[in-house]
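Q: Need a 3D model of the following:
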Amino acid sequence: MIVRASEAHLQDGVEDEFVERLVELVSSFPSRYPGMLRHNVLVDDGDTRRVQYVSVWADEVALEGYAGAGMAHEPGDVSRGGAVLGASARTAALRVHRRKH
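A: Residues are numbered from 1 along each chain as shown. Here you go, the predicted model:
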């Protein structure tokens, strides 16, 4: 399982519009991208200019089907459209390791 987290830091005044657009954009992702197990849009209660999109993937193949080759190993800037609303963004992919009993 791989957890992919993208975090946007927004300029003042665009928070509501950014979150609304993001929720609209990702609403169809589970049906469009095989292997996406779940996803959430998270807004920091202490700073509403900090927004995260967290998605959970079955495996690297599923993540690459969404994000492209190499994104599981070398995530980077993902300002796709965010710049329009004054956002800077970074993404990280984290592999979940399960402890053996």
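
Q: List the contacts of the nearest residue to M36 once chain neighbours are set aside.
A: Nearest residue to M36, sequence neighbours excluded (Cβ to Cβ, 6 or more residues apart in numbering): P30, at 5.2 Å. Where you see a C-beta, it was placed from the backbone N, CA and C, and this is true even at glycine. By Cβ atoms under 8 Å, 6 or more residues apart in numbering, P30 lies in contact with M36, R38, H39.

Q: For this protein, give me the ranges with low pLDDT.
A: Residue ranges of the chain with pLDDT under 70: 71-101.

Q: 80 instead, please
A: 70-101 (pLDDT under 80).

Q: now the strands: where do they sit in it?
A: For the chain, strands defined by DSSP state E occupy the ranges 2-10, 36-43, 50-57, 87-95.

Q: What residues of the first one count as buried?
A: Of the residues in strand 2-10, I2, V3, R4, A5, S6, E7, A8, L10 count as buried by neighbour count, 16 or more other Cβ atoms under 10 Å.

Q: who's in contact with the closest residue in space to the last one that isn't next to it in sequence?
A: Here the nearest residue to L10 in space, its sequence neighbours aside, is R49; by Cβ to Cβ, 6+ apart that works out to 4.3 Å. Taking Cβ under 8 Å, 6+ apart as the contact definition, R49 lies against H9, L10, Q11, D12, E15.

Q: and if you look at R38?
A: P30, S55, V56.

Q: Does P34 touch A62 like I think?
A: Yes: P34 lies in contact with A62 (Cβ atoms under 8 Å); the separation is 6.2 Å.

Q: on that earlier part again, point out the one among the strands of the chain that comes closest to L22.
A: strand 36-43 (5.6 Å; Cβ to Cβ).

Q: The closest one pairs with which strands?
A: For strand 36-43, the paired strands and their directions (DSSP bridges) read strand 50-57 (antiparallel).

Q: And the strand it pairs with, what's buried?
A: Within strand 50-57, the residues that count as buried by 16+ other Cβ under 10 Å are V51, Y53, S55, V56, W57.

Q: go on, stretch 34-52?
A: Going by neighbour count (16+ other Cβ under 10 Å), the buried part of stretch 34-52 is G35, M36, H39, V41, V43, R49, V51.
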